[in-house]
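Q: Need coordinates for the below:
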Amino acid sequence: MALLPIITAPDPLLKQISTPVAAVDADVRKLMDDMLDTMYDAPGIGLSAIQVGVPKRIVVVDVANDDSPPAPLRMANPEIVWWAEVIGTHEEGCLSLPQQYAEVDRPVAIEVEFLDYDGKPGRMKAEGLLATCLQHEIDHLDGLLFVDHISMVKRQMILRKLQKMKRQKATA
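A: Below you'll find the model as predicted:
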């Protein structure tokens, strides 16, 4: 497997809407595997294909805690088909917005339809951290970042910090 470079904000590619996968073939499975390796190495709990420069509707997540064995999910064309009416607040971060965190309000449970690693249709209900993570990653596929769900003032502060970090890295 290969580690892929993760794109960081404010890269315009992160605002692009990803296109559906026609079929889960060997290339898509390899990308999913490489994305998982990249996510684990970062370390993170979710990654979308657009974050590694591939504008396809693919996400990988693993919210297993350190005391549990890995529980990776690989999804092509994930679509949220149901949202709970109850909203919860969780602190979110993102591999594409390194070292930046904010409280985000999202439904506490969702139901998702997708194609699995073998290309078979799947449907699952997710709650808690898994629901939050899936919503976060599916947002990426639609060109949304977690900072798009917070106040303009907080969003601008985070994006300015990221621009400053990029400038400092470029001159180092």
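
Q: buried stuff in the helix or strand hosting Glu91?
A: Following DSSP states H and E, the helix or strand that holds Glu91 is strand 87-94. By neighbour count with 16 or more other CB atoms under 10 Å, strand 87-94 contains the buried residues 90, 92, 94. Quick note: C-beta positions are derived from backbone N, CA and C, even for glycine.

Q: So, low pLDDT: which residues of the protein?
A: Under the criterion pLDDT under 70, no range of the chain is flagged.

Q: For it, just list every one of the strands.
A: Ranges of strands within the chain are 46-48, 58-61, 73-83, 87-94, 97-107, 109-115, 121-127, based on DSSP state E.

Q: Summarise which helices and strands the strand holding Glu91 is packed against.
A: With contacts taken as 3 or more CB pairs under 8 Å, 6 or more residues apart in numbering; DSSP states H and E, strand 87-94 sits against strand 97-107, helix 128-141.

Q: who's in contact with Leu31?
A: 49, 54, 56, 58 (CB atoms under 8 Å, 6 or more residues apart in numbering).

Q: quick revisit: direction included, what does the strand holding Glu91 pair up with?
A: As defined by DSSP bridges, the strand partners of strand 87-94 come to strand 97-107 (antiparallel).

Q: just the CA coordinates of the strand it pairs with, formatted as PDB?
A: The C-alpha trace of strand 97-107 is given here as PDB (Å, rounded to 0.1, in the frame of the first residue of the first chain):
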ATOM      1  CA  LEU A  97      -7.100  21.500   8.500                       C
ATOM      2  CA  PRO A  98      -4.200  20.400  10.700                       C
ATOM      3  CA  GLN A  99      -4.200  21.300  14.400                       C
ATOM      4  CA  GLN A 100      -7.600  23.100  14.000                       C
ATOM      5  CA  TYR A 101     -10.700  22.100  16.000                       C
ATOM      6  CA  ALA A 102     -14.200  23.500  16.500                       C
ATOM      7  CA  GLU A 103     -17.500  22.500  18.000                       C
ATOM      8  CA  VAL A 104     -19.900  21.400  15.200                       C
ATOM      9  CA  ASP A 105     -23.700  20.700  15.500                       C
ATOM     10  CA  ARG A 106     -24.900  17.600  13.500                       C
ATOM     11  CA  PRO A 107     -27.600  15.000  13.700                       C
END
